[in-house]
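Undergrad: quick one, fold the following:
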Amino acid sequence: MPGSLLDAGAMIGCPHGGRVTAATTPSGGVLSQGVAVATATHGYVVTGCPHTVGGVPTPCVSVRWTADGTGVTVDGAPVLLDTSAAQCLTAAFVPQGPPVVQAAQRKVTIR
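TA: Model (predicted):
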């Protein structure tokens, strides 16, 4: 599946408006526009999710990515694309929907 390469500076949010950031800094020496390329093995956290169910706060707290089958890897880990499948999860690992990746112009695309 074609898509643009995600990096540590990508603007990503949960479906409820929380902000997704890399919990671990992507490394490996591969850069896109001077920023480390993101892979499926890096951890991602969600902050500021206001989601509630029946008046009980159930915020998204993490994101689990599923790498596309592009075969492109960094240090053996599949790279993430803006089209990669993912789920935002609660602290109890309950899926709450896919993250929203803000469209960005990237110089590197995978086809």
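Undergrad: grab the nearest non-local neighbour of G18.
TA: Leaving aside its sequence neighbours, G18 sits nearest to C49 (CB to CB, 6 or more residues apart in numbering; 3.1 Å). In short, each C-beta sits where N, CA and C put it, glycine included.
Undergrad: verify the stated contact: that neighbour with S62.
TA: No: counting by CB atoms under 8 Å, C49 does not reach S62; the two are 10.4 Å apart.
Undergrad: and the residue nearest to G18, what is it in contact with?
TA: Residues near C49 by CB atoms under 8 Å, 6 or more residues apart in numbering: C14, H16, G17, G18, P59, C60, V61, C88.
Undergrad: mind showing which ranges of the protein have poor pLDDT?
TA: 1, 25-29, 68-69, 103-111 (pLDDT under 70).
Undergrad: if we go to 90?
TA: The model of the chain has pLDDT under 90 over residues 1-11, 21-43, 65-84, 101-111.
Undergrad: for it, what spans make up the strands?
TA: With DSSP state E as the criterion, the chain has strands at 3-4, 12-13, 19-22, 31-32, 35-36, 44-47, 52-53, 56-57, 62-66, 73-74, 77-78, 85-89, 100-101, 109-110.
Undergrad: now those as CSV including mean neighbour count?
TA: As requested, these are arranged in CSV below (neighbours: other CB atoms under 10 Å):
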stretch, mean neighbour count
strand 3-4, 19
strand 12-13, 20
strand 19-22, 18
strand 31-32, 16
strand 35-36, 16
strand 44-47, 18
strand 52-53, 10
strand 56-57, 8
strand 62-66, 17
strand 73-74, 18
strand 77-78, 18
strand 85-89, 19
strand 100-101, 18
strand 109-110, 14
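Undergrad: ok, V101 - contacts?
TA: L6, A10, M11, I12, D82.
Undergrad: separation between it and V53?
TA: Using CB to CB, to the nearest Å, one gets 24 Å for the distance from V101 to V53.
Undergrad: my read: P98 touches S84, true?
TA: No: using CB under 8 Å, P98 makes no contact with S84, being 9.7 Å away.
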